[in-house]
Every structure is written in structure tokens, then in C-alpha cells.
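>>> Could you work out the structure for the sequence below:
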Amino acid sequence: MKKQELLIAAAVAAAVAFMLGLVLAGAVAPHASLSSPQNRASFPDPGPTPVPRSNALSGLVDFSDMVERVNPAVVNITASGTDEVGLPSGSSTGNPFDFFGDPQEGLQLPRRGSGSGFFIDTEGYLLTNHHVIDGAERVDVTLIDSRTVPAKVVGSDPETDLALLKAEGPGEYPAIALGDSDTLRVGEWVCAIGNPLRLYDHTVTVGVVSYKGRVLFNPSFDNYIQTDAAINFGNSGGPLLNSQGEVVGINTAVSQQGQGIGFAIPINTAKEILSQLRERGGVARGHLGVSLDDVDEEYQKQLGLPEQRGAVVTRVTPGSPADKAGVKRYDVIVAVDGNAAETGADLVKAISSSEPTTPVQLSVYRDGKRLELAATLDQRFSHEEKSDPEIPTRQPDPVDKLGLTVQPLTESAIRRYGFPEELEGVMVARVKPLSSADDEGIRRGDVISEINRRAVANLNGYLQAIAGARPGDVLLLYVVRSPEISFIAKVRLE
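Numbering: from 1, shown residues only. Got it, this is the predicted structure:
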């Protein structure tokens, strides 16, 4: 009897397991058995209507309809020009019939670059990168239907790497709506369209926003959107779009060290200067004439600040609006015209967004007191940092507690490197790798003229200034690299 009971129990268990397996495998709809007890093993009717996606899949963004709508507004841009290549004396152009060499000093060689762009209105105005058309003598735009029309450069801005073009062909053009990059969120899905490697027209890639506010080249203006949507050479100038098909960025750079790391200029940056590009052909920005650093814990302690915010003035350009207004090194600018400047980037944005000749009111902390200074802005110009000065090579002495080897600043060195005659200090001969001084960017050939806001007249003054410093202390070093470049380095003793 017991044996029969065991066999019955085993059969029941096997039946239950079989039915459970069907449910888990999806062959039986478990909810159907609740609504239709007479048809427990019924299958979903395939019908013409597709089965709804599960909740996990329905959250994915489908870009296909959007891409089909905006793709015609994306174009390939070809920029052509010539480069002069100098020829050594007595060299030949390579022409087999040129027996006597080239009488010219150089050879004009054709240069052709390629990038992407997109129309922003039906009149044919389109955006791309400045570096795509920089130096071009001719610009052509290829549309999605393979037509090629000439385009003229209406305006360009090297600071933000943006350019506005105008297609000169007849008819109306498809355009893409401009979105709001400020509302973009890290993790949000985005789509890039462009023409990578000059070969793959209208390539679409999808990814997410990886980071906002990335600084790559110019700390004053960089505010890049980082994305893992694939961007390659030739994508420069193409649109980065949100799921609604609005442009939120202009693809502009890619990391050569890592895959899936691309960068786009926020579209709001472009919208801020579009009118100037169209009307002036360039961007006129206000200029104050200061170098800046953000306030951190060390600055707050050293300068006696009530809050850890504002922009520390590390250098004042002689004759600049800041100099005329009485701004001094180590001043901390906390507001412009009553609008708070939490960081140096905030201050740069406030100044550069103002027209030259604009009067501004600066709220400044100096030696624990708040001052109000009036300045009138002038025109900002782009400039490139000069190459590092060369100093005589010699066997360096052992590094000191700052991780530096220094030597006296001689009159011949001042004349040789164009420093002001009145400059005093010591010249850096060696920087210890991986030291705090190295991390702060101090380099061989720099001149240290102040330590903790006190002048360093010579080598003895330098040694006295660091003699009392203990491990963990942070010293403020005023570093002069050239007549135009100087900064404050915060060096921590190890």
C-alpha cells in the first residue's frame, strides 16, 4: 500500500513539475488561467498586432523614426586649400622634365579636409567646427541626395571651435531644431550623426551622456559633453541629438587613447554666439586682464576668506582693465555686477559674455575686507602660450623640500628670456617627478618670485622662506614663466 502511495505521489509531483516547466518556459500564459479557467493551456493569439514589449524593454529609446526625420539635414563638408612647402636649396620638384630645379622658394600643395555639419534653418545656414574650415579657400557641402553645393564661411570663432556657413545653392533646406543642452542629464541617451573617415556618409551611432562640463584644451571656454556614442575623424561638426531629435551638441573631438570617449560642444554655447557670427563674422568678447584660480581650502586659509568660493587673481596684466581698476594679485573676485562668481569659470563666462567697453562692478575680497571696484572691459584676443625658455644645462643640485632645484636669477637670464628688468627671484633648474611641485605644473626655467605673498629677492631669500615649512604645509608660490604667463602654485611639502 505504501508502495502504491509513493508511486501516486511521484506521478502527481511529475505532473506538477511538467506544468510548472511549461509556465516558466512561456508555453502557458499564467494570467490566462485566471481569466479563462476552461482554457488553461491557451496560447496568445499571434494576430496582426505585435505582442507588447515587457517593461524592461519598453524603456529603451528607439531613434529610428527620429533619425529618418533629421538625417537629411546632416551634410558632409569638404574644405580645400593649399599649403606652401619649402624646398631645400638645389632640390627638385619631382617633375622629370624639370632639369633646373624649381625657381620658387616653395611648392604649393593642395590640402583637403573633411567634416560634418547640419542645417539650422531652411535658408541654408549650417553649423560646423572652426577647425573643419580653418584656412580653407573653398568649402563645398554634400547633401544626402549626393548633390554638392558651394558654401561660404559667414563667421567663425576659434575660442569655441564653432563656425557658421551658408550654402549657396537654390531652394529650401531641411533643418534640425536646436535643443537645450543645460537640461541634458548624465546617463541620458543621445545619438550622433556624421560622416566618419570620409567614407561612411550619414553614419548613426547611439550612446549616453557620460559627463558634462569636461575641460580639454582651454579652461576659459571648454564645457564639453562627453559621450560614449561612437565619434570618429570626419564626425567633427555633426550633430549630437537627444531622443526628441533636437541638437544638444556639436561633435568635435575624440580621445585617441580610449574607445567610446567622444566630446561635443554644448548647443547652448553655439546659441549664445550665433547672432554675432551671422552679423559680425566673429565674436567680440569682453576682457578683464587677469589670470584666475578657484578658491579651495588652502586659499581660504591663507587669504582669510569667509567662504570657499570665488576666483583668486593669480596675475594682473599691466595696463589691462583690471590693472586700471586697482585689482591686485591675491584678490578674490566673488561677484560681477552683483551676480555671484562661484568659480573662475563663472567669472570668465560673465566677462566674456559682455561686450567690450562695457562697465562692470567687481566685488572683491582683499585681506579680509570686501571692496567694490569699477572696471571697463576691453577686447579679448586669442593668444598662444610661448614655448618654454631654455636655461643653461648644468649638473643639478639635490632637490629641496619642495621637490625643486633652484639657482640664482642672473641679469643675463633676464635679458635672454625677456623678463622684466625689475624681476627678482630664483630660477627652477629641476623639478622632482611626481612631486607636488610637478603636479602643480612648475617646470624647468620658471622663476619663483614670491612665497606665501612675500617677495623672494634671491637664493638666500628663497631658502629662508622655506626653512620653517613642515611636512603637510602648503606654500603659495608665485611663478613667472614668461613676460605674459605667470600663475600661483600651491605646493604641499611631503
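>>> Identify each of the helices in the stretch 201-350 of the chain and give its residue range.
Remark: helices assigned in the stretch 201-350 of the chain by DSSP state H, counting those that start in this stretch are 267-280, 297-303, 321-325, 344-352.
>>> er, the stretch 351-494 of the chain actually
Assigned by DSSP H, counting those that start in this stretch, the stretch 351-494 of the chain shows helices spanning 411-417, 436-439, 459-467.
>>> quick revisit: looking at the helices of the stretch 201-350 of the chain, which is nearest to residue 177?
helix 267-280 (10.1 Å; Cβ to Cβ). (Each C-beta comes from the backbone N, C-alpha and C, glycine too.)
>>> Which neighbouring elements make contact with the closest one?
strand 148-157, strand 162-167, strand 247-254 (3 or more Cβ pairs under 8 Å, 6 or more residues apart in numbering; DSSP states H and E).
>>> Would you mind pulling the contact partners of it?
120, 125, 127, 154-157, 160, 162-164, 178-182, 221, 223, 247-250, 282-284, 353 (Cβ atoms under 8 Å, 6 or more residues apart in numbering).
>>> Columns mean neighbour count on top of the helices of the stretch 201-350 of the chain, output as TSV?
Conversion of those to TSV gives the following (neighbours: other Cβ atoms under 10 Å):
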stretch	mean neighbour count
helix 267-280	17
helix 297-303	16
helix 321-325	20
helix 344-352	21
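>>> Any idea which of those helices gets closest to residue 491?
For the helices of the stretch 201-350 of the chain, proximity to residue 491 was assessed by Cβ to Cβ; helix 297-303 is nearest, at 10.0 Å.
>>> ok, back up a step: just the buried members of the contacts of helix 267-280?
Using 16 or more other Cβ atoms under 10 Å as the burial test, these include 120, 125, 127, 154-157, 160, 162-164, 178-179, 181, 221, 223, 247-250, 283 as buried.
>>> on that earlier part again, mean pLDDT lowest where, among the helices of the stretch 351-494 of the chain?
Mean pLDDT is lowest for helix 411-417 out of the helices of the stretch 351-494 of the chain, coming in at a mean of 83.
>>> what comes up buried for that helix?
Those would be 413, 414, 417, for helix 411-417 by 16+ other Cβ under 10 Å.
>>> Please list the outside residues in contact with whatever helix or strand residue 139 lives in.
Element membership of residue 139 [criterion: DSSP states H and E] is strand 138-142. Defining contact as Cβ under 8 Å, 6+ apart, one finds that strand 138-142 is touched by 75-81, 117, 126, 133, 148-153, 165, 167, 169, 201.
>>> let's see it at 7 Å
Outside strand 138-142, the residues within contact range by Cβ atoms under 7 Å, 6 or more residues apart in numbering are 75-80, 133, 148-151, 153, 165, 167.
>>> got it, and stretch 425-438?
Against stretch 425-438 from outside (Cβ under 7 Å, 6+ apart): 391, 396, 399, 402-409, 413, 442-449, 456, 459, 462, 489, 491-492, 494.
>>> Show me how to select, in ChimeraX, the buried members of those.
Command for ChimeraX that selects the buried part of the contacts of stretch 425-438, burial taken from 16+ other Cβ under 10 Å:
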select :391,399,402,403,404,405,406,407,409,413,442,444,445,446,447,448,449,456,462,489,491,492
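>>> Filter the contacts of stretch 425-438 down to just the ones in strands.
404, 405, 406, 407, 408, 447, 448, 449, 489, 491, 492 (DSSP state E).
>>> any idea how far the fifth one lies from residue 160?
Summarising the geometry, the distance separating residue 408 from residue 160, computed by Cβ to Cβ, to the nearest Å, is 43 Å.
>>> And for residue 249?
12 Å.
>>> any residues in contact with both of the two?
Residues touching both residue 249 and residue 160 (Cβ under 7 Å, 6+ apart): residue 265.
>>> How is the protein divided into domains?
2-42, 63-85+106-283, 286-379, 404-492 (automatic domain parsing).
>>> what is the mean pLDDT for the strand holding residue 139?
pLDDT averaged over strand 138-142 gives 93.
>>> List the contacts of the closest residue to residue 320 other than its chain neighbours.
The shortest distance from residue 320 to any non-neighbouring residue, by Cβ to Cβ, 6 or more residues apart in numbering, is to residue 289 (2.2 Å). Neighbour list for residue 289: 316, 317, 320, 321, 322, 323 [criterion: Cβ under 7 Å, 6+ apart].
>>> Of those, which pair is most distant in space?
Longest span within the contacts of residue 289, Cβ to Cβ: 316 and 321, 9.9 Å.
>>> isn't residue 216 right up against residue 224?
Yes: in this structure residue 216 lies within contact range of residue 224 using Cβ atoms under 7 Å: 5.9 Å.
>>> Have a look at these two and say which one is more surrounded.
Legend: neighbour count by other Cβ atoms under 10 Å for residue 216 and residue 224, higher for residue 224 (22 against 13).
>>> Tell me the pLDDT of the more buried one.
You'll see residue 224 listed with a pLDDT of 91.
>>> what's the answer for residue 95, then?
Listed pLDDT for residue 95 reads 44.
>>> With residue 250 instead?
Residue 250 is assigned 96 on the pLDDT scale.
>>> Please work out how many residues are found near the nearest residue to it once chain neighbours are set aside.
Counting by Cβ to Cβ, 6+ apart, residue 250 lies nearest to residue 265, which is 4.5 Å off, once chain neighbours are set aside. Neighbour count for residue 265, taken as other Cβ under 10 Å: 25.
>>> unless I'm mixing things up, residue 265 is touching residue 252, no?
Yes: counting by Cβ under 7 Å, residue 265 touches residue 252, with 5.4 Å between them.
>>> overlap in contacts of the two?
In contact with both residue 265 and residue 252: residue 161, using Cβ under 7 Å, 6+ apart.
>>> and residue 116, what element?
With DSSP H and E as the criterion, residue 116 is inside strand 106-119.
>>> for the stretch 51-200 of the chain, what spans make up the helices?
So, for the stretch 51-200 of the chain - with DSSP H, counting those that start in this stretch - the helices run 55-58, 64-70, 130-133.
>>> Take the helices of the stretch 201-350 of the chain and lay them out in JSON lines including mean pLDDT.
Output for the helices of the stretch 201-350 of the chain, formatted as JSON lines (pLDDT from 0 to 100):
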{"stretch": "helix 267-280", "mean pLDDT": "93"}
{"stretch": "helix 297-303", "mean pLDDT": "90"}
{"stretch": "helix 321-325", "mean pLDDT": "94"}
{"stretch": "helix 344-352", "mean pLDDT": "88"}
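>>> Which among the ones you listed is found nearest to residue 359?
helix 321-325 (9.6 Å).
>>> CA atoms of the closest one as PDB?
C-alpha atoms of helix 321-325 as PDB (Å, rounded to 0.1, in the frame of the first residue of the first chain):
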ATOM      1  CA  PRO A 321      41.100  97.000 -17.300                       C
ATOM      2  CA  ALA A 322      41.800  95.100 -14.100                       C
ATOM      3  CA  ASP A 323      45.000  96.900 -13.600                       C
ATOM      4  CA  LYS A 324      43.400 100.300 -14.200                       C
ATOM      5  CA  ALA A 325      40.600  99.300 -11.800                       C
END
